[in-house]
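S.K.: could you work out the structure for the sequence below:
(one chain, ligands or ions: 1)
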Amino acid sequence: MFEAIGERINTSRKFVQEAVAEKNADYIINDVKQQVQAGASFIDVNAGARIGHEVEDMKWLLDTIEPVATVPLTLDSPDPAVLEMAYKMVEKTPMINSISLEKERFDAMMPFLEGKDCKVIALCMDDAGMPASSNDILGRAKSLVEELNKIGISTASIYVDPLVQPISTDSKKGIMVLSAVRAIKAEFPEIHITGGLSNISYGLPQRKIINRTFVTLMMEAGMDSAIIDPLDKKIMATIRTADMLLGEDDYCMNYLKGVRSGDIES
Ligand code: THG
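M.R.: Residues are numbered from 1 along each chain as shown. Sure, this is the predicted structure:
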């Protein structure tokens, strides 16, 4: 079954930033509960937006969220030191977001991840920047899997983020990432594929229909997780329906349940 990673606890979002600045725990707790209720399998926590406050904000958010979250957390920071601190604060096996092949980040993340019990998002990013082709994405995914396997992280614990890029800049960016996902899944059947979706529609109007259509295509290619807003009813309904159509919903039970509860409508 598809796993939605709820993206809302991110200080780049105005109301979250205000809640963190004012230490408004009720706002944060209520938001987390709504995301879980809406079907999030993980709650992403990103405290990166208030420059100079990331450690303090991450600590406060985790203190606030950990006691009420009934699903595991996705610890989201580009800073290995923040991830290490956050890892120590959580009880349920978290997902670490993220490692990449960028040398400085990679070298700091590997000793920290060695022997750890966790899931890991592996970004197909290196010091040359964003991948320029399907083969580039596949090559980077292979390097990441090889290195993570060496330090005891199983392939089934790896969530590859192939890095979605705007279709407005190059009409082939959609098929570039779709064929990469197919190739990664062919090479590593037990791996997970995740990522943000909204980059695909950057620079275009009516972005949500692009994101919904794209997630459907990505799911057929092998994506089984995404970092999204679970309170967006339409994308959640699209994902549940696609899961059914792709054989992930025995007797269509989950689809029918969604219809009965009003979560899915035509
Ligand atoms: N891959 C991985 N991790 C990630 C991302 C990714 N973490 C951060 C980000 N991308 C995903 N998280 C968010 C959180 C909030 C929003 C978007 C992505 C968001 N966006 C508003 C929008 O799209 O309308 C704009 C911001 C605002 O509220 O002003 O809220 O790709 N591994």
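
S.K.: pLDDT value on residue 230, please?
M.R.: Looking at residue 230, its pLDDT is 98.

S.K.: how close does it get to the ligand?
M.R.: Distance, residue 230 to the ligand, using Cβ to the nearest ligand atom, to the nearest Å: 12 Å. To be clear about C-beta, it is placed using only N, CA and C from the backbone, and glycine gets the same treatment.

S.K.: repeat for residue 79
M.R.: Taking Cβ to the nearest ligand atom as the measure, residue 79 and the ligand are separated by 13 Å.

S.K.: once you drop chain neighbours, what's closest to residue 11?
M.R.: Setting aside the residues directly before and after it, residue 11 is nearest to residue 49 in space (Cβ to Cβ, 6 or more residues apart in numbering), at 3.8 Å.

S.K.: hang on, the one you found in a strand?
M.R.: No. Residue 49: not assigned to a strand; according to DSSP: H, G, I helix; E, B strand; the rest coil it is coil.

S.K.: for it, what are its contacts?
M.R.: Residues near residue 49 by Cβ atoms under 8 Å, 6 or more residues apart in numbering: 10, 11, 12, 17.

S.K.: now it. Its backbone dihedrals?
M.R.: Per-residue torsions, residue 49: phi -80, psi -30 (degrees, to the nearest 10).

S.K.: also the one 10 residues further on?
M.R.: Dihedral angles of residue 59 (phi, psi; degrees, to the nearest 10) stand at phi -60, psi -50.

S.K.: pLDDT score assigned to it?
M.R.: Residue 59 is assigned 98 on the pLDDT scale.

S.K.: what does the one 10 residues further on give?
M.R.: The predicted structure scores residue 69 at 96 on the pLDDT scale.

S.K.: ok, it - how many residues close by?
M.R.: Other residues near residue 69 come to 24 when the count uses other Cβ atoms under 10 Å.

S.K.: mind listing what it touches?
M.R.: 32, 36, 43, 92.

S.K.: mind listing what residue 42 touches?
M.R.: Going by Cβ under 8 Å, 6+ apart, residue 42 touches 3, 4, 5, 6, 71, 72, 73, 74, 95.

S.K.: tell me the bridge partners for it.
M.R.: residue 5 (DSSP bridges).

S.K.: returning to that earlier point: what about the ligand: which of the contacts of residue 69 touch it?
M.R.: Subset of the contacts of residue 69 in contact with the ligand: empty, counting by Cβ under 6 Å from any ligand atom.

S.K.: can you classify the residue lying closest to residue 72 once chain neighbours are set aside by secondary structure?
M.R.: Distance criterion Cβ to Cβ, 6+ apart; nearest residue to residue 72, sequence neighbours excluded, is residue 92 at 4.4 Å. Three-state assignment for residue 92 (three-state DSSP): coil.

S.K.: from residue 59, how far out is residue 92?
M.R.: Note on residue 92: its distance to residue 59, by Cβ to Cβ, to the nearest Å, is 17 Å.

S.K.: who has more neighbours out of the two?
M.R.: Taking other Cβ under 10 Å, residue 92 and residue 59 do not tie; residue 59 has more neighbours (15 against 11).

S.K.: isn't the more buried one right next to residue 82, touching?
M.R.: No. Counting by Cβ atoms under 8 Å, residue 82 is not a contact partner of residue 59; they are 9.5 Å apart.

S.K.: tell me the bridge partners for the residue of the stretch 101-250 of the chain found nearest the ligand.
M.R.: Across the stretch 101-250 of the chain, the shortest distance to the ligand (Cβ to the nearest ligand atom) belongs to residue 196, at 2.6 Å. Applying DSSP bridges to residue 196 gives these bridge partners: residue 227.

S.K.: how close does it sit to residue 128?
M.R.: Distance from residue 196 to residue 128, by Cβ to Cβ: 20 Å.

S.K.: the two: who's more crowded?
M.R.: Using other Cβ under 10 Å as the criterion, residue 196 and residue 128 rank with residue 196 on top: 16 against 11.

S.K.: could you list the low-confidence segments of the stretch 101-250 of the chain?
M.R.: By pLDDT under 70, the stretch 101-250 of the chain has no low-scoring segment.
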